[in-house]
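Novice: I'll drop the sequence and a predicted model, then ask my questions.
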Amino acid sequence: MNHLRKDLITATIAIVFFTLTLGIAYPLLTTGVSQVLFPNASNGSRIERDGELVGSKLIGQDFKGLPRYFQGRPSVTEYSADVTYFNNLGPNSKELSEFFEEELKTYLARERRYDPGLTAAEVPVDAVTTSASGVDPHISEANARIQAHRVAAVRGLPLDRVLELIDEHTDGRFLGLFGEPGVNVLQLNLALDEEAPR
Amino acid sequence: MTQGWLQIIVFLVVLTALVPLLGGYIAKVFQGERVFLSPLFGPIERFAYRALRVRPEEGQDWKGYARSIVVFSLLSWLVLYLILRTQSIQPFNPEGFDSGPWNLSFNTASSFVTNTNWQYYGGETTLTYFVQMAGLTVQNFVSAAVGIAALAAVIRGFVARTGASLGNFWADLVRINLYILLPLSFITALVLVSQGVIQTLDASQTFNTIAGGSQTLALGPVASQEAIKELGTNGGGFFNVNSAMPFENPSGFTNFIELMLILIVPASLTYTFGRMIGNRRQGWALYAAMMAMFIVAVAVVYTAEQHGSPAQHHAGVLTSAFDGSTGGNMEGKEQRFGISETSLWTAITTVTSCGAVNGALDSLTGIGGLVPLANMGTGEVVFGGVGSGLYYMLLFVLLTVFIAGLMVGRTPEFLGKKIESREVKLVLVGVLVTPLLVLFATAWAVASPDGTQSIYNSGPQGFSESLYAYMSQANNNGSAFAGYTGFLQPNAPGNLGAEAFSFANLLGGMVMLFSRFLPMIAALAVAGSLAGKKVAPAGAGTFRADSPTFVILLIGVVVIVAALTFFPAFLLGPIVQGLTDQLF
């Protein structure tokens, strides 16, 4: 009994000690140092245009099918960045398969007008599947190269120039090795707005 | 796929190179030696001993050590539960969140105190910054430290030739936090912030998107929690979608860092073990056994995911890779990670008990989803949780030694110590408690209406969700087939009108608590029983436990125990899915 009481006292003090050091001091110190060293990154890598917040370079946006913009991946949360969840449908789900069919049809209908030869067998997989975060900021390079036809036509830009902009806004692999390259859709669209506003 | 395999191989090479460095350092910390951080943290350490009224050199026997762990953990549970229940009156609550339902708090407190970090809730819509920091971050640290401390005690028992002391729990707790977890977390948190992981106390920010919509950025002190969440193999996300959220894991670089953080401590501890018993070969033998099983796991999940899912094939979606596209099953995966990094992550977070995810496990292919289940089915001994993985593996080592002894008709021994009836009985308790809890809880959950209301998908996937939920909670992993629902939040963000299912939350909470502490106590009891035993010199007839033969035998025992326990259940869920192209 004596041991137990001693343990209870020690445990109580230990919890107070660790709450103060690990629960208060550590996160606040990390916040302070981060805010000084990396003010933009620690606050969400925000992008401003004409002094107004228009997004985060890390968080994808819903471009609502507007023809002048590159479109991000399908999102089950409609690109919510404050209520996030997965689609959670299993690999043999009929509902999921029908969803893919629908997305494929929509994608082809949108892009074929500007890229008449496009077939289902050329549509990259990221264009019809929902991302995990619902706010995936990237699309694959293949996806962007297809959409380039539409954006170039609508904005009256040469296709080559749009392809160049895609390259400029592609985030590569870490050390050329880890991860997959992705085209940052928001940054690309902002660059287009700057280059050919309409 | 060459590129994908290369990523995986280079990662494992870097990991292996780091193992002796950190493993040697941890051995010094375990033995109370001076390390390069002593000048910095020594004063804090000594202050902590004075405050706690602890003399670090005063050893505890296994009962004393186990009692301190249980008392500390139960009190931690109570404090965390109270913090969760009263979050509306605490500071750092810019969104004005109320507390969630009590049964959810019960599950969450059990989850974080047991190093499980199973989450029925989504962090960004449910919890205040204060709870995330003073409640959850603290338990991320100390629950990990408890596991590591228990391992340190177990190793001491294996080594001790005289006396019954396994060390002092309170001193271990302080030293592991100050010298291992805190400095590594702080540095990596800053590295993560530099890449875009957020770290702020500001409220969420709403703005107009360029296509004329509205978006709200949920913010918070994420990086400080992200670092320890991975390092302590905790896995509880600040955001509901965990490390898939760009604010938790923005790039291939952060993904690499986070994966390394998850594996580095459990992997290094094998080296620590080798050093402390004075036989590094033995440490590497355990590392090799774990690595072999891990490589099979990652290869299977990667191959399965790259193949794509029946839902994709039926819809006519192209699943082969070509220039500029990853191909494969990209449903529930992020473009920046692709198939390879998501597969690697899935394998790493389920062999270790880090339940973090960077993609949606519920949308994995049938065989892809089998891998995390099977990984956990081994009892988390393939690297496993920090500390807990290795002490669990040591129980399997003793079991293997025992079985090998039966085969050749010799008294089994390990590290020169005879393994006798008492140890074998305790080993069996330690090895069998968790699988029994999994099977019992899953059976109950799929057979009762209270349990089945949590299921989201129909058919075998629904069974997989249930099995996964209790497999994950019982093995203190925390990852989920996230369709499995225990919490409804009609007005998210915020807890207005939210309700939680008592069955799922309470059963899960109990399962986590029992399966955390019963095997831990069994391992400590084994160590206590071995401490002070005479060491017989190795002879010609000794079966060496640091040989390749032993490694193969050990893998065999781990796999056979898991397969005998879970194969029928796997057949009903993921294997059925993997064998069929039908949709349902």
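Specialist: Arrived safely.
Novice: So, low pLDDT: which residues of the stretch 451-584 of chain B?
Specialist: For the stretch 451-584 of chain B, no stretch has pLDDT under 70.
Novice: tell me the contacts of the closest residue to chain A within it?
Specialist: In the stretch 451-584 of chain B, no residue comes nearer to chain A than residue B:461, which is 3.4 Å away by Cβ to the nearest Cβ. Yep, even glycine has a C-beta here, placed from its N, CA and C like the rest. Residues near residue B:461 by Cβ atoms under 8 Å, 6 or more residues apart in numbering or on different chains: A:90-93, B:362, B:481, B:483, B:573, B:577.
Novice: Please save the CA atoms from the one helix or strand it maps to in CSV.
Specialist: Residue B:461 is part of helix B:460-474, with elements assigned from DSSP states H and E. Taking Å, rounded to 0.1, in the frame of the first residue of the first chain, the C-alpha atoms of helix B:460-474 are listed here in CSV:
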residue,chain,number,x,y,z
PRO,B,460,-16.7,-8.7,-47.4
GLN,B,461,-15.3,-5.1,-47.2
GLY,B,462,-17.7,-4.5,-44.3
PHE,B,463,-16.3,-7.6,-42.5
SER,B,464,-12.8,-6.3,-43.3
GLU,B,465,-13.6,-3.0,-41.8
SER,B,466,-14.8,-4.6,-38.5
LEU,B,467,-11.8,-7.0,-38.3
TYR,B,468,-9.5,-4.1,-39.1
ALA,B,469,-11.0,-1.9,-36.4
TYR,B,470,-10.4,-4.4,-33.6
MET,B,471,-7.1,-5.7,-35.0
SER,B,472,-5.8,-2.2,-35.1
GLN,B,473,-7.0,-1.3,-31.6
ALA,B,474,-5.9,-4.5,-30.0
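Novice: Following the chain onward from that helix, which element is next?
Specialist: Next along from helix B:460-474, by DSSP H and E: strand B:487-488.
Novice: Name the strands paired with that next one and say parallel or antiparallel.
Specialist: strand B:499-500 (antiparallel) (DSSP bridges).
Novice: and after the strand it pairs with, which helix or strand comes next?
Specialist: Sequence order places helix B:502-530 as the next helix or strand after strand B:499-500, per DSSP H and E.
Novice: Next, the buried residues of the helix or strand that comes right after that following helix.
Specialist: Counting by DSSP H and E, the next helix or strand C-terminal to helix B:502-530 is helix B:548-570. For helix B:548-570, burial by neighbour count (16 or more other Cβ atoms under 10 Å in any protein chain shown) applies to B:550-551, B:553-555, B:557-558, B:561-562, B:565-566, B:569-570.
Novice: Then stretch B:79-94?
Specialist: B:79-81, B:83-84, B:87, B:90, B:92-93.
Novice: and the residue lying closest to residue B:232 once chain neighbours are set aside, what is it in contact with?
Specialist: The spatially closest residue to residue B:232, leaving aside those adjacent along the chain, is residue B:144, at 2.9 Å (Cβ to Cβ, 6 or more residues apart in numbering or on different chains). Under the criterion of Cβ under 8 Å, 6+ apart, the contact list for residue B:144 reads B:115, B:181, B:228, B:231-234, B:385-387.
Novice: Mark which of the residues you listed are part of helices, please.
Specialist: Assignment to helices by DSSP state H places the following of the contacts of residue B:144 there: B:228, B:231.
Novice: Please tabulate the buried residues of stretch B:79-94 in TSV, including the columns secondary structure and distance to chain A.
Specialist: Below are these laid out as TSV (DSSP: H, G, I helix; E, B strand; the rest coil; distance: Cβ to the nearest Cβ, whole Å):
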residue	secondary structure	distance to chain A
B:79	helix	6
B:80	helix	9
B:81	helix	13
B:83	helix	9
B:84	helix	14
B:87	helix	14
B:90	coil	12
B:92	coil	10
B:93	coil	15
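Novice: Quick check, the residue in chain A closest to chain B?
Specialist: Chain B sits closest to residue A:179 of chain A, with a gap of 2.2 Å, by Cβ to the nearest Cβ.
Novice: List the contacts of that residue.
Specialist: Going by Cβ under 8 Å, 6+ apart, residue A:179 touches A:173, B:7, B:251-253, B:255-256, B:336-338, B:341.
Novice: Out of the residues you listed, which is nearest to residue B:448?
Specialist: residue B:337 (37.6 Å; Cβ to Cβ).
Novice: tell me the phi and psi of that closest one?
Specialist: As for residue B:337, its main-chain torsions (degrees, to the nearest 10) stand at phi -100, psi -30.
Novice: give me the number of residues near it?
Specialist: Residue B:337 is flanked by 29 other residues according to other Cβ atoms under 10 Å in any protein chain shown.
Novice: That one reaches residue B:360, doesn't it?
Specialist: No - judged on Cβ atoms under 8 Å, residue B:337 makes no contact with residue B:360 at a distance of 12.0 Å.
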